[in-house]
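**Student:** This is a predicted model, with the sequence first.
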Amino acid sequence: MIHVNGLSKTYKVAKRSSGFMEAAKALIHREYTTVQALDQVSFDIEPGEIVGYIGPNGAGKSTTIKMLSGILVPDEGTCSILGYTPWRDRVRYVSRIGVVFGQRSQLWWDVPVLDSFELLRDIYSIPSEEYKRNLSLLTETLNLAELLQTPVRQLSLGQRMRCEIAASLLHSPQVLFLDEPTIGLDAVSKIAVRQFIQTINQEKGITVILTTHDMNDIEALAHRIILIGKGRLLYDGNLQSLRQSYSPAKTITVDHQECNITLQIPSATSITSSSRRTVLQVPTQHVSDVLSKLSDQLEITDISIDGQPVEELILQLYKEYQL
Ligand SMILES: Nc1ncnc2c1ncn2[C@@H]1O[C@H](COP(=O)(O)OP(=O)(O)OP(=O)(O)O)[C@@H](O)[C@H]1O
């Protein structure tokens, strides 16, 4: 569905020094430097995937999303999405995609949300029945009923973001680009937005590309991650294999009836042990074996198994690539 091949982009930036004399000189003779924002980035995405597109600040994520949504033209490389070249077939292409930039709004600031939605209906020429069906579904699932008559400038960030997501889906797109959709949201709104993205992906098969700095978004939504750093693609793979290579052990915490026990489980290393609680470190491949031995040797009252949080995994990945 999405084929990206060798995308590169440099920005030309005017050099500026401080001070009146330097500003005056710059009026006559301006010097430029170039910033390599993207360098030969390639990947393919299948229909129905949710891909987390991650990387540190300035890595090139927004630049990529802008190209994939047709706003920016690359210096080099090709991109085909649903058979279109985004920056060439813009008018036909945008009716097939939805875009949310968490830091920008596609809604008109001074008019009620519903007026913006109606304007989008006209811009995209959405058939009346389809518009009504989508609006009522989005209003219900994103809890928008009380917001539709409110001017956008009076909405809180979380309320606005729910409206932005609805706006991006009114025309039933097949691909959704989300650039930091949970930025600045409270915990409840974040969970609501994540659940909604999951639902539209599962029920409507919408393909989602998500950039975010919130690793809980990645954990909740993405099976696959693409890591980009200094404009280059550094890692493309699924989260599970990343977990296996970086986090080969699990921590098992067992509460038991017996006091001060000594366990006979060779593949487990004891981390701490108090009178009725034992914490063990176990290689991932031995977890099921250790669990069955624990239940043979103890009367268990509670048990938990924890892996390394995804935030730490990604941090390790950043370290490995010196980002
Ligand atoms: N319009 C622009 N003009 C000049 N340089 C730019 C422009 N937009 C981005 N850049 C530069 O290109 C590089 C990539 O920026 P981009 O916004 O794509 O990064 P990002 O990964 O989205 O970062 P963040 O996580 O901070 O949003 C950065 O070095 C940035 O300074």
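**Tutor:** Thanks, I have it.
**Student:** May I have the phi/psi pair for the residue nearest to the spatial centre of the chain?
**Tutor:** Centroid-nearest residue in the chain: residue 210, 3.2 Å away (criterion: Cα atoms, centre = their mean). Torsion angles at residue 210 (phi, psi; degrees, to the nearest 10) stand at phi -120, psi 120.
**Student:** Tally up the residues packed near the nearest residue to it once chain neighbours are set aside, please.
**Tutor:** Spatial nearest neighbour of residue 210, chain neighbours left out: residue 178 (4.7 Å); criterion: Cβ to Cβ, 6 or more residues apart in numbering. All C-beta spots, glycine's among them, are computed from the backbone N, C-alpha and C. Residue 178 has 26 neighbours, counted by other Cβ atoms under 10 Å.
**Student:** Next: residue 37.
**Tutor:** Counted with other Cβ under 10 Å, residue 37 comes out at 23.
**Student:** I figured it hits residue 13, correct?
**Tutor:** No. If you go by Cβ atoms under 8 Å, residue 37 and residue 13 don't touch, sitting 10.4 Å apart.
**Student:** about what we covered before: does the residue nearest to residue 210 count as helix, strand or coil?
**Tutor:** Secondary structure state of residue 178, per DSSP: H, G, I helix; E, B strand; the rest coil, is strand.
**Student:** returning to what we had before: OK, contacts around the residue nearest to the centre of the chain?
**Tutor:** Listed by Cβ atoms under 8 Å, 6 or more residues apart in numbering, the contact set of residue 210 reads 50, 51, 52, 53, 178, 181, 197, 217, 218, 221, 222.
**Student:** let's see 10 Å
**Tutor:** Residue 210 is in contact with 50-54, 61, 65, 100, 176-182, 194, 197, 217-218, 221-222, 225, counting by Cβ atoms under 10 Å, 6 or more residues apart in numbering.
**Student:** What about those, which are in strands?
**Tutor:** Per DSSP state E, strands hold the following members of the contacts of residue 210: 50, 51, 52, 53, 54, 100, 176, 177, 178, 179, 225.
**Student:** which residues does the closest residue to residue 126 other than its chain neighbours contact?
**Tutor:** Leaving out its chain neighbours, the residue that sits closest to residue 126 by Cβ to Cβ, 6+ apart is residue 171, at 5.1 Å. Residue 171 sits next to 94-98, 120-121, 123-127, 130-131, 134 when contact means Cβ under 10 Å, 6+ apart.
**Student:** and with 8 Å instead?
**Tutor:** 95, 98, 120, 124, 126, 134.
**Student:** Roughly how far does the third one sit from residue 111?
**Tutor:** Distance of residue 120 to residue 111, given as Cβ to Cβ, to the nearest Å: 12 Å.
**Student:** same check, this time on the fourth one
**Tutor:** Distance, residue 124 to residue 111, using Cβ to Cβ: 17 Å.
**Student:** Show me which residues of this protein are close to the ligand?
**Tutor:** Residues of the chain lying near the ligand by Cβ under 6 Å from any ligand atom: 11, 13, 35, 37, 55, 57, 58, 59, 60, 61, 62, 63.
**Student:** could you redo the last one with a cut-off of 8 Å?
**Tutor:** With Cβ under 8 Å from any ligand atom as the criterion, the chain meets the ligand at residues 9, 11-13, 35, 37-38, 55-66, 103, 179-180, 211, 213, 228, 231.
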